[in-house]
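> fold the following for me, if possible:
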Amino acid sequence: MLAQDGSGIEVPVELRPLSWLIGRWVGVGTGQYPTIENFRFGQEVVFSTDGRPFLSYLSRSWLLDDDGNHVRPLASEAGFWRPRPDNEIELTLAHPTGYAELWLGSMEVTGLEDARITGARATLTTDVISRSPSAKDYSRGSRLYGLVEGRLLWTFDMAAMDQPLVNHLAATLSPANEPIVAVDVEE
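Alright, predicted model coming up:
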């Protein structure tokens, strides 16, 4: 089975249950939390494989104004999704705001058509959160990712700033049609 992102890379057998994530996804989401004003954001997420049994993950988002224009960058995160036996998942994430996280969870395929995954769900909770002395308080998280009618839906619940676990972010992303292009960074 080749990765559906056009890379021509063979997806390892262990990674195939997560193959529905592979590709570049873009869309819009909402953010809210008891300690901040509600906001809308744009997001780009890339899941890829180099042929080894894990997914590389990169997400970046930006604040949107009422007309949908980019205002400024928001969050970014990078990490690795690792499938484990019995549909278990490990996710490691790093953030430039001073966090590193280990997430544990499970996934299930909810739809299959012509040997292609058409519906799936991954549920994760934080196991370990490490934060630098300058990072804001953040103690627990829960994430849900789903493939629904060809779109990637996800939500993030967070416990932070002396608040209980409540929804913080949610987005609906669609597959991006253009190929992933590397960007040269000048020093």
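
> and the strands in this protein, which stretches?
23-33, 36-48, 55-64, 70-84, 88-95, 99-113, 116-131, 140-148, 151-159, 166-175 (DSSP state E).

> what residue ranges in this protein score low on pLDDT?
The model of the chain has pLDDT under 70 over residues 178-187.

> before we move on, the earlier item: the strands of the chain: which one's closest to residue 13?
strand 70-84 (9.8 Å; CB to CB). In this view, the C-beta of every residue, glycine as well, is placed from N, C-alpha and C.

> buried sites along the closest one?
Residues of strand 70-84 classed as buried by neighbour count (16 or more other CB atoms under 10 Å): 74-77, 79, 81-83.

> likewise stretch 85-103?
89-93, 95, 99, 101, 103.

> please apply the same query to stretch 2-16.
3, 5, 7, 11, 15.

> what's the answer for stretch 26-35, then?
Here stretch 26-35 shows 26-27, 29-31, 33 as buried, counting by 16+ other CB under 10 Å.

> ok, now stretch 127-135?
129, 131.

> and it, how far out from the chain's middle?
Remark: stretch 127-135 is offset 19 Å from the chain centroid, using CA atoms, centre = their mean, to the nearest Å.

> residues contacting residue 99?
Neighbour list for residue 99: 93, 129-132, 135, 138 [criterion: CB atoms under 8 Å, 6 or more residues apart in numbering].

> hmm, I was thinking of residue 112
Per CB under 8 Å, 6+ apart, neighbours of residue 112: 118-119.

> and it, what are its bridge partners?
Note on residue 112: beta-bridge partners by DSSP bridges are residue 117.

> what distance do you get for it to residue 176?
24 Å (CB to CB, to the nearest Å).

> cool, and residue 169?
Residue 169 is 20 Å from residue 176, by CB to CB.

> among those two, which residue is more densely surrounded?
residue 169 (21 against 16; other CB atoms under 10 Å).
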